[in-house]
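Visitor: coordinates for the following, if possible.
(chains A, B and C)
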Amino acid sequence: MNPHPIEDHMVLMSQLYPAAYSQIIPQQEQVNLLELNFGSEHKLESERKDRLASELGLDPRQVAVWFQNRRARWKNKKLEEEYSTLKKLHDSTILEKCRLETEVLKLKEQLSEAEKEIQGLLERADRASSSNSPSSSQSMEAVDPPFLGEFGVEPYDDHVFYINGMDEWIYI
DNA sequence: CCGCGGTGCTAGTTACATCA
DNA sequence: ATGATGTAACTAGCACCGCG
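Guide: Model (predicted):
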């Protein structure tokens, strides 16, 4: 196929009807007018098609085909833009996911450390209570509460602690 | 209500020129 | 010379509408 059928069509028409085509509309002007019309409305009703065709000196069928192809190009471009937007969103979401996973790992490490500390404190408390009192049936009542507080761990009741800075309750 | 023809649409394809 | 790209034109299939 010829890539410039509009131009060829006009050459043919100017040969057939030299009077009517004494002033040939440049191809760029034709495209400009078509683009202008496409910009105002993508659909082409029959009346507008015929009017455009006569303004441009083209077959109405050519105008219809031009609009069909132009719509296809417009749709492709829109899809590409949508894809690009979604890809950017996807990439930033993946990045945020990685960041959050790293943070979870860090927090788990902190939690593990805190649990170790608590375990150590409990063992110390046990040793202290058993040495202070001959009765092993005694509970945590024997432990001095401020002792735990200095490590940022506050006793809530006998077996529940609130860890400062971690916003988390530990049940033992 | 139904079938039919006309029209316009989309999606996919073809043919060809142009360009890197 | 060649592969990628852009574009006019075509085709098939579908939907809608008016008419008899």
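Visitor: roughly how far does A:Gln62 sit from DNA strand C?
Guide: Look at A:Gln62 and DNA strand C: by Cβ to the nearest atom of the strand, to the nearest Å, they are 4 Å apart. C-beta here means a position set from N, CA and C on the backbone, and glycine is covered the same way.
Visitor: would you verify that A:Leu58 is located in a strand?
Guide: No. Counting by DSSP: H, G, I helix; E, B strand; the rest coil, A:Leu58 is located in no strand; its state is coil.
Visitor: pLDDT wise, what is it at?
Guide: Looking at A:Leu58, its pLDDT is 86.
Visitor: that one and A:Val31 touch, don't they?
Guide: No. With contacts counted by Cβ atoms under 8 Å, A:Leu58 stays clear of A:Val31, the gap being 11.4 Å.
Visitor: these two: which is more packed in?
Guide: Neighbours per residue (other Cβ atoms under 10 Å) separate A:Leu58 from A:Val31, with A:Leu58 holding more: 22 against 14.
Visitor: okay, now A:Lys108: neighbour count?
Guide: Neighbours of A:Lys108 (other Cβ under 10 Å): 10.
Visitor: mind checking how far it is from DNA strand B?
Guide: 48 Å.
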